[in-house]
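Asker: got a sequence here, can you model it:
(2 chains)
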Amino acid sequence: MNYELRVNPIACDGHGMCAELLPEIIELDPWGYPILVSTSVPRSLLDHAKRAAAACPTLALLVNKAR
Amino acid sequence: MAAGHGGPAGYTVTELALLTDRQPDLRLPRLLAGISYYDVAGLRDHEQQYGPLPLWGTSGRRRPGRLIDVVDASGLTGRGGAGFPTGRKMRSVASGPGAAVVVANGAEGEPASCKDRLLLTRLPHLVLDGITLAAHAVGAREAYLCLHGQETELLDALDEALAQRSRAGLDPVPIQLTGIPGRYVASEQSSIVQYLNGGPAKPTFSPPRPHQRGVHGRPTLVNNVETLAHLALIARFGDRWFRGIGPPSAPGSTLVTVSGAVRRPGVYEIEMGTPAGQVVTLAGGAAERPAALLVGGYFGAWLPAGAAWPVPMSHAALKAAGGAMGAGMVIVLPVSSCGLAETARVVRYLADENAGQCGPCMFGLPALADAMADLAYQGGRGRVLERVASLAGLVAGRGACRHPDGAVQLVRSALRAFESDARWHDHRGPCPGVARAPLLPVPGDADWDWA
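Answerer: As a prediction, the model looks like this:
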């Protein structure tokens, strides 16, 4: 099962938690909003990705099963 | 062109009605066949010109789904900018759960376009026929016609046209006229849906898309008013008639708004696939030596005049040439103007029109507008071009809607089309063209709110 990462840009307020918890995939732009280096989540990072999604104060980070 | 009894291409109305099933060889004008210089086409003029609203029943050859088949076979694509196949969209809405909703989008957000306005002001019944036919085909119980709320005169006129139709019993699903805020992104389809649901007229995060879950949670067909006007003709004359002009991959006709340095700016109906240069000729030709064409409006792209001239006006051909068809705007930039200054003004406008929802657009677009203004009006130290390119990369693809992507496409196309001028600006400073009066229309400060 492959998982993919998405940001809901309307919900995102640029708290930056995701980049702290998942630096392998998420960087921050000059204004503090997340840039996804890749949208697919490798198996080894799945737990970290889920933790980052749960930690987002606005629940703007989404980890979904890839279609 | 003279309006009156003569139908398109010389057919009289009676012949038209008789030939309906035999697909008469109708060329241009099609949509604009019934337009008059003097007057709005009333319901009677409209029926004389195009024939009565074809009644689609509930079974047999006239069952609702049959019209979707016909639209599918016609190859009609959306005329609002995205160019999505209309039949496919109708089918997915019709097959969604429960009764559908139809929304006609007549809120023309592009400052350089006025084709939708022309249709609504002069040929309202063509659009209203299209709404009723679409509502029947997808099984809708609600239908809306949305335009900018500040167009009070037009709203009044349409109100009257709707009253006339209701007396004639033409619209079984009543068409509700709705004024929406006059902001650039307010006419994006998810904005309209959110507004009709009682929220602000701002784009929403997708999925779900309107065709899945739209107005009142129902599958919603959002179509541009020109698309619906074509639908009204396809329902009368059939898919083979529609495909009678234009390339097989992009059939039919389309309305274009031609402006800038041309002798006769205005709205023209062209065969799809007409070369861009021929469209300029149709508008009286270039008034000055052209440097570039902006095709597709502010979500479109600049193409150097020489390269643009032979490119066919279709989504596929323009995309292959590095441009975009958008809602069919063609703006001619003369050599005496500065394309970078023009672009900088438009990007500032687009930045001001961001919905204030997504960080990258909220902060990135103003920064990109600043960088473009530096390039256009200051420059000279050889560092701005790089800044423009890196900001464009930071903003692209990071909004809930395509607003930032449109601005980036415009900027990137300007850097390509005006490549040597951009290097001149960056290293030496502004070119003489920046002193010319602005060419591209940019509305003044919008005092219209979002809700």
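Asker: how about residue 57, secondary structure?
Answerer: Defaulting to chain A. Here residue A:57 is recorded as coil under DSSP: H, G, I helix; E, B strand; the rest coil.
Asker: what's near enough to touch it?
Answerer: Residue A:57 is in contact with A:13, A:15, A:17, counting by CB atoms under 8 Å, 6 or more residues apart in numbering or on different chains. Every residue, glycine included, has its C-beta placed from N, CA and C.
Asker: so what's the gap between the one helix or strand residue B:361 maps to and the chain middle?
Answerer: Using DSSP states H and E, residue B:361 maps to helix B:359-377. Averaging C-alpha positions (CA atoms, centre = their mean, to the nearest Å) puts helix B:359-377 26 Å from its chain's average.
Asker: ok, now stretch B:159-168?
Answerer: Taking mean C-alpha positions (CA atoms, centre = their mean), stretch B:159-168 and its chain are 26 Å apart.
Asker: what comes up buried for that stretch?
Answerer: When neighbours are counted by 16 or more other CB atoms under 10 Å in any protein chain shown, the buried residues of stretch B:159-168 are found to be B:161, B:162, B:164, B:165.
Asker: my read is that the last one contacts residue B:46, right?
Answerer: No - in this structure residue B:165 lies outside contact range of residue B:46 using CB atoms under 8 Å: 10.0 Å.
Asker: now do the shared contacts for these two.
Answerer: By CB under 8 Å, 6+ apart, residue B:165 and residue B:46 have these common neighbours: residue B:125.
Asker: how near is the residue lying closest to residue B:356 once chain neighbours are set aside to residue A:8?
Answerer: Nearest residue to residue B:356, sequence neighbours excluded (CB to CB, 6 or more residues apart in numbering or on different chains): residue B:362, at 5.6 Å. Separation of residue B:362 from residue A:8 (CB to CB, to the nearest Å): 15 Å.
Asker: check residue B:335 too.
Answerer: Using CB to CB, residue B:335 is found at 45 Å from residue A:8.
Asker: can you tell me how far residue B:160 sits from residue B:383?
Answerer: Applying CB to CB to residue B:160 and residue B:383 gives a distance of 58 Å.
Asker: would you mind measuring from residue B:107 to residue B:294?
Answerer: Distance of residue B:107 to residue B:294, given as CB to CB: 21 Å.
Asker: and residue B:284, by the same measure?
Answerer: In this view, residue B:284 and residue B:294 are 18 Å apart by CB to CB.
Asker: same thing with residue B:233?
Answerer: According to CB to CB, residue B:233 stands 29 Å off from residue B:294.
Asker: more crowded one of these two?
Answerer: Taking neighbours as other CB atoms under 10 Å in any protein chain shown, residue B:233 and residue B:294 compare with residue B:294 leading, 31 against 25.
Asker: quick one: what helix or strand has the more buried one in it?
Answerer: Here residue B:294 is assigned to strand B:290-295, by DSSP H and E.
Asker: quick one: residues in contact with that strand.
Answerer: Counting by CB under 8 Å, 6+ apart, B:112, B:260-261, B:276, B:280, B:300-305, B:308, B:311, B:313, B:318, B:323-326, B:329-335, B:337, B:339, B:417-418, B:440 sit against strand B:290-295.
Asker: so how far is that strand from its chain's centroid?
Answerer: 19 Å.
Asker: I'd like the average pLDDT over that strand.
Answerer: Average pLDDT, strand B:290-295: 97.
Asker: please point out which parts of that strand sit buried.
Answerer: Neighbour counts over strand B:290-295 (16+ other CB under 10 Å) mark B:290, B:291, B:292, B:293, B:294, B:295 as buried.
Asker: pull the most distant pair out of these.
Answerer: Farthest-apart pair in the buried residues of strand B:290-295 is B:291 and B:295; separation 13.8 Å (CB to CB).
Asker: look up how far residue A:41 lies from the residue nearest to residue B:356.
Answerer: 27 Å.
Asker: one more: residue B:245?
Answerer: From residue B:245 across to residue A:41, the span is 49 Å (CB to CB).
Asker: residue B:330 against residue B:257, yeah?
Answerer: Yes - using CB under 8 Å, residue B:330 makes contact with residue B:257 at a distance of 7.4 Å.
Asker: tell me which of the two has more neighbours.
Answerer: Neighbour count, other CB under 10 Å: between residue B:330 and residue B:257, residue B:330 has more, with 29 against 24.
Asker: give the other helices and strands that the helix holding residue B:361 contacts.
Answerer: When contacts are defined as 3 or more CB pairs under 8 Å, 6 or more residues apart in numbering or on different chains; DSSP states H and E, helix B:359-377 packs onto helix B:339-352, helix B:384-395, helix B:403-417, helix B:419-428.
Asker: now with 6 Å, please.
Answerer: Where contact means 3 or more CB pairs under 6 Å, 6 or more residues apart in numbering or on different chains; DSSP states H and E, helix B:359-377 is packed against helix B:339-352, helix B:384-395.
Asker: quick one: the longest one to strand B:290-295, angle?
Answerer: Here helix B:339-352 points in a direction 20 degrees away from that of strand B:290-295 (axes from the mean of the first three to the mean of the last three CA atoms, to 10 degrees).
Asker: ok, and what's touching helix B:339-352?
Answerer: By CB atoms under 6 Å, 6 or more residues apart in numbering or on different chains, the residues outside helix B:339-352 that reach it are B:292, B:298, B:333, B:365-366, B:369, B:372-373, B:375-376, B:407, B:414, B:418, B:425, B:434, B:438-440, B:442.
Asker: the same query, at a cut-off of 7 Å, please.
Answerer: B:184, B:291-292, B:298, B:302, B:333, B:365-366, B:368-369, B:372-373, B:375-377, B:407, B:410-411, B:414, B:417-418, B:421-422, B:425, B:433-434, B:438-440, B:442 (CB atoms under 7 Å, 6 or more residues apart in numbering or on different chains).
Asker: ditto for the shortest one
Answerer: For helix B:384-395, contacts defined as CB under 7 Å, 6+ apart pick out A:29, B:360-361, B:364-365, B:367-368, B:371-372, B:374-375, B:404, B:408, B:411-412, B:415, B:422, B:426.
Asker: the inter-axis angle of it versus helix B:419-428?
Answerer: Using the same axes, to 10 degrees: helix B:384-395 against helix B:419-428 is 120 degrees.
Asker: so the residue of chain B most remote from its centre is in which element?
Answerer: For chain B, the residue at maximal distance from the C-alpha centroid (CA atoms, centre = their mean) is residue B:381, at 39.7 Å. Using DSSP H and E, residue B:381 sits in no helix or strand.
Asker: and the pLDDT for it?
Answerer: pLDDT, residue B:381: 88.
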